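Novice: Next comes the sequence, and after it the predicted model I'd like to discuss.
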Amino acid sequence: MSSRKGKTADPEKQLTIKINACKRLAKEAVYYEKEVKENEEKLAKMRADGKDPYDIKKFEEVLGESYMMVPDSKARLKKSLEDLSLFLKSNLDGLDQESKSVSDAKDILSEHGVSDKEADDVAETKVDDLKEGEAF
């Protein structure tokens, strides 16, 4: 049985995993937004059709859960995109900049509005430059 301890994963493989995670989370965020719209329409139809108040109340709870999932899925997508961006920055030497994976990663980041400057700001926080008592 092989042990995974001490082994560092191939940067290309790690990049592919991060790309696929971003793609999945982007689809998930779109799905939850679509679900909210569909549930709002269904609730409006239930009210217009004069359905049982209990059924309407229960469906309002379902709609409430859908509303909660939208910001959660967007936050997870944002975190995953930031992680991908930082990974690209920190592995410039270990990745072939002309590879399809790097190109795909850059496309995903630009598609979702994550700029290189935002990632630089996160990655370049210098504690030494802070004055005493100053928070970053």
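Specialist: Received, thanks.

Novice: Now residue 91: closest residue in space that isn't a chain neighbour?
Specialist: residue 11 (4.8 Å; Cβ to Cβ, 6 or more residues apart in numbering). Placement of C-beta: from N, CA and C, glycine included.

Novice: I'd like to know how many residues surround that neighbour.
Specialist: 19 (other Cβ atoms under 10 Å).

Novice: what number of residues lie near residue 10?
Specialist: Neighbours around residue 10, by other Cβ under 10 Å: 10.

Novice: Quickly note the distance from it to residue 94.
Specialist: As judged by Cβ to Cβ, to the nearest Å, residue 10 and residue 94 stand 9 Å apart.

Novice: Same check on residue 85?
Specialist: Where residue 94 is concerned, residue 85 sits at a distance of 16 Å (Cβ to Cβ).

Novice: Looking at these two, which has the bigger crowd around it?
Specialist: Neighbour count, other Cβ under 10 Å: between residue 85 and residue 94, residue 85 has more, with 25 against 12.

Novice: Is that one part of a helix or strand, or is it coil?
Specialist: What DSSP: H, G, I helix; E, B strand; the rest coil gives for residue 85 is helix.
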